[in-house]
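J.: what's the 3D shape of this:
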Amino acid sequence: MWTKLDRIQRDIEELAKFNSTPGRGLTRFSLTAEDRAARNYLKKELLGCGLKVFEDAAGNLTARREGLLQDAPVVMIGSHFDSVKSGGNFDGPAGVAAALETVRVLSERGIDTLYPIEVVAMIEEEGARFGASLYGSRAMAGKISVAQLKDRKDSEGISMFDALKNFGFRPEDIAAAQRLPGSIKAFLELHIEQGPLLESEGLDIGIVGDIVGIQDLIIKLIGRQGHAGTIPMHLRADALNAAARVIAKISDLAVAAGEGTVATVGWLSVKPGGFNIIPGEAEFSVDIRSGKQAHVDTVTQGIADFLQEMTQGTGVQFEMTSLMKVEPVRMSAGIVAIETACCEKMGLKSRIMSSGAGHDAMVMADLTDVGLLFVPSLAGRSHCPEEWTDYGQLQKGVEVYLHTVMELAEAQL
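T.: Prediction:
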């Protein structure tokens, strides 16, 4: 193999040190001290490969390796380096390490490419701090506005706009992060599978053929706060009671849609939150996913219809806000063919598969041809401290990634 296992392992383990919850999984939120430490590590490694390093107005870290063609579109490689709360060390960083190792190999072997290569390490892909999932890629696709940055706030009420400014960026110039049509030749991402399929089938590599569509919603129910002992049940406007009915209905709607459609309520806030107080407000998230956009739309409309019907005449009001909507995406057939050929040449066992998780690659498909490779996850665990991918398996994925990048960038061997 051209790649070095010890370097890949070192990158993962070094990045894991930049963590606000040691001993309880990896927590690295965007635009924090842990974020800055991680990007400083990446900057040092990328500069060591002779690349030009810069950060865009969105806060994405990028490094450029020039090609032989002047003013040619770039082959962009990388993933995200933020995490969920108490997650694992591989979700995102595995793809950043793959991109970093790719440019290391090209540099140490003195391999020129016709097309320039850009390594990108994106922030806020998880949306764990600001609820702005797939933020870095959406900014490059021109889908983030100043108003959105001011609207999205963390648990302490800090807006993403202010966090970017305090970090040293110019969020008022967010439009400058947008990449122009034709400026990117291809985008390639490596990621852990986050599911059990590859391990259960004894496979080395998953070649993603398509990614599900995602609709993220915030639903707020506003009732009347009151004393738990003095207001009869038939005179209440209990926001949490209404929320519970909606949440139960959401699962039914997903099951009815079928064909693998899923819906998840992952976050719930109740105010004022007193033991003996009838809740006046309940707010929760909804994540809807399906390989067919029609199913996503059906579940979304079903929720809206049920809210309207359920709250009528109860004194409870509702607000339903869309945070993000990304339609199902197919990967480039040409890139899939290259990935497949690389696996066959290396004697690696692979299969074409769908991704039930969202990735920056699905947003980048609005700009260019995209490819996505998976490596196995132990027991299918992810978004938890037990998340693990064998380093040897990860190296196999990085090796396929390297040779796919070389073909896309037309390496001069």
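J.: helix, strand or coil for the residue nearest in space to the middle of the chain?
T.: Centroid-nearest residue in the chain: E125, 3.6 Å away (criterion: C-alpha atoms, centre = their mean). Following DSSP: H, G, I helix; E, B strand; the rest coil, the label given to E125 is coil.
J.: Contacts only, for the nearest residue to it once chain neighbours are set aside.
T.: Distances taken as C-beta to C-beta, 6 or more residues apart in numbering place H80 nearest to E125, at 3.4 Å, with adjacent residues excluded. In short, each C-beta sits where N, CA and C put it, glycine included. Counting by C-beta atoms under 8 Å, 6 or more residues apart in numbering, H80 makes contact with 92, 95-96, 121-126, 136, 360.
J.: And for H359?
T.: Counting by C-beta under 8 Å, 6+ apart, the residues that H359 touches are 79, 125, 134, 189, 191, 211, 372.
J.: Out of these, give me the one that has the most neighbours.
T.: Ranked by neighbour count (other C-beta atoms under 10 Å), those have L372 at the top, with 31 neighbours.
J.: For my notes, confirm it occurs in a helix.
T.: No - applying three-state DSSP, one finds L372 to be strand, outside a helix.
J.: That one contacts H191, correct?
T.: Yes - here L372 reaches H191: they are 6.6 Å apart, a contact under C-beta atoms under 8 Å.
J.: which residue sits farthest out from the middle of this structure?
T.: T230 (46.8 Å).
J.: Would you quantify the distance from that one to I278?
T.: 10 Å (C-beta to C-beta, to the nearest Å).
J.: Same check on Y115?
T.: 62 Å.
J.: same question, N89
T.: Taken as C-beta to C-beta, the span from N89 to I278 is 43 Å.
J.: Ok, M406 next?
T.: 63 Å.
J.: Then K43?
T.: Distance from K43 to I278, by C-beta to C-beta: 52 Å.
J.: Between those two, tell me which one has more neighbours.
T.: I278 (21 against 17).
J.: I'd assumed R224 was in contact with that one.
T.: Yes - the pair I278 and R224 qualifies as a contact (C-beta under 8 Å) at a distance of 7.2 Å.
J.: tell me the contacts of L51?
T.: So L51 contacts 63-65, 103, 119 (C-beta under 8 Å, 6+ apart).
J.: Find the residue closest to K52 in space, skipping its chain neighbours.
T.: Here the residue nearest K52, using C-beta to C-beta, 6+ apart, is R64, at 4.8 Å.
J.: any idea what sits nearest L164, other than its immediate chain neighbours?
T.: P171 (4.1 Å).
J.: can you list the domains in this structure?
T.: 5-212+328-412, 213-326 (automatic domain parsing).
J.: on that earlier part again, and the average pLDDT for the helix or strand hosting the residue nearest to K52 is what?
T.: Per DSSP states H and E, R64 falls inside strand 61-65. Averaging pLDDT along strand 61-65 yields 98.
J.: What's the first helix or strand after it?
T.: strand 74-80.
J.: Can you list the buried residues in that next one?
T.: Within strand 74-80, the residues that count as buried by 16 or more other C-beta atoms under 10 Å are 74-80.
J.: Same question for stretch 206-226.
T.: Buried-residue list, stretch 206-226, by 16+ other C-beta under 10 Å: 206-208, 210-226.
J.: From those, which land in helices?
T.: Judged by DSSP state H, helices contain none of those.
J.: Give the helix, strand or coil label for D287.
T.: Going by three-state DSSP: D287 is strand.
J.: check contacts around it.
T.: Counted by C-beta under 8 Å, 6+ apart, D287 has contacts 214-217, 263-266.
J.: which one among the contacts of H80 gets closest to G202?
T.: G95 (23.0 Å; C-beta to C-beta).
J.: picking that back up, is the residue nearest to K52 bridged to anything, and to what?
T.: K52, E118 (DSSP bridges).
J.: Would you mind measuring from T32 to D297?
T.: For T32 relative to D297 (C-beta to C-beta), the value is 36 Å.
J.: same check, this time on K143
T.: For K143, the distance to D297 - C-beta to C-beta - is 19 Å.
J.: same thing with L221?
T.: 22 Å.
J.: For G334, grab the count of nearby residues.
T.: 13.
J.: Next up, phi/psi of the nearest residue to it once chain neighbours are set aside, please.
T.: Excluding its sequence neighbours, the residue lying closest to G334 (C-beta to C-beta, 6+ apart) is D369, at 6.5 Å. Dihedral pair for D369: phi -70, psi 140, per degrees, to the nearest 10.
J.: Give me the pLDDT value at D369.
T.: At D369, pLDDT is 97.
J.: and it, what does it touch?
T.: 185-187, 332, 334-335.
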